[in-house]
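1. what's the 3D shape of this:
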Amino acid sequence: MYLAIFSLVALVSTASAIGNAAVVNKCDDPFYLWSVGGAIGPMQVVSPGGLYAEPLHRDPRSGGVAIKITAVDNGLLNGAAQLIFAYTVDGDQVWYDLSDVFGEPFSGKRLKVSSNGGASIDWPNGTRPLGSQVKNTASTDDVVFVACA
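-> All right, here's what the predicted structure looks like:
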């Protein structure tokens, strides 16, 4: 299954030496996301079965990028529970993490972050397990978050 997702991400990537950060919605409902670094990007609606992807990059102002996901429309601006899929490109490595704030928007649903060469982050019940969630891989790899995995 994850091989198919990485293949799908490869289709949307450009011919470059950098990987992609991707978000896949396998849930029954849409969710809403924003790519946030030194500025907040426009809201994206990810429909069931949908995909959002961006090339891995280092934000020149903040250093890292947080893809903030809510279960409600305009949730970033109204204090809704947020899931944060964050990454930082550091030369030939990318460090990635999963966290939440203001609640657990995917409680009861499996969440997973995978890459071709790094360790996975797995939240079987949609809630943060104990311990560090920070992982790393080569910056040429795709890093894929799947909701309702």
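2. Strands of this protein, start to end?
-> 20-25, 31-36, 44-46, 51-55, 65-70, 82-90, 93-101, 111-115, 121-123, 135-138, 143-147 (DSSP state E).
3. In its sheet, which strands sit next to the fifth one, and in what direction?
-> It stands for strand 65-70. Using DSSP bridges, the strands paired with strand 65-70 are strand 31-36 (antiparallel), strand 82-90 (antiparallel).
4. Nearest the middle, which residue of this protein would you pick?
-> Phe85 (3.9 Å; Cα atoms, centre = their mean).
5. Touching, that residue and Phe31? I think so.
-> No - using Cβ atoms under 8 Å, Phe85 makes no contact with Phe31, being 11.6 Å away. C-beta: built from backbone N, CA, C; applies to glycine.
6. Now do the shared contacts for the two.
-> When contacts are counted by Cβ atoms under 8 Å, 6 or more residues apart in numbering, Phe85 and Phe31 are jointly contacted by Ile69.
7. what sits against Ile84?
-> Ala66, Ile67, Lys68, Ile69, Asp97, Leu98, Ser99, Asp100, Val101.
8. can you check Gly41 too?
-> Trp34, Ser35.
9. confidence score at it?
-> Listed pLDDT for Gly41 reads 96.
10. would you turn the contacts of Ile84 into CSV with distance to Leu56?
-> Formatted as CSV, the contacts of Ile84 follow (distance: Cβ to Cβ, whole Å):
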residue, distance to Leu56
Ala66, 13
Ile67, 11
Lys68, 17
Ile69, 17
Asp97, 14
Leu98, 16
Ser99, 18
Asp100, 22
Val101, 22
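11. could you dump these to a markdown table with distance to Leu111 and pLDDT?
-> Shown next, in a markdown table, are the contacts of Ile84 (distance: Cβ to Cβ, whole Å; pLDDT from 0 to 100):
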| residue | distance to Leu111 | pLDDT |
| --- | --- | --- |
| Ala66 | 15 | 97 |
| Ile67 | 13 | 98 |
| Lys68 | 14 | 98 |
| Ile69 | 10 | 98 |
| Asp97 | 12 | 96 |
| Leu98 | 7 | 96 |
| Ser99 | 11 | 95 |
| Asp100 | 9 | 95 |
| Val101 | 15 | 95 |
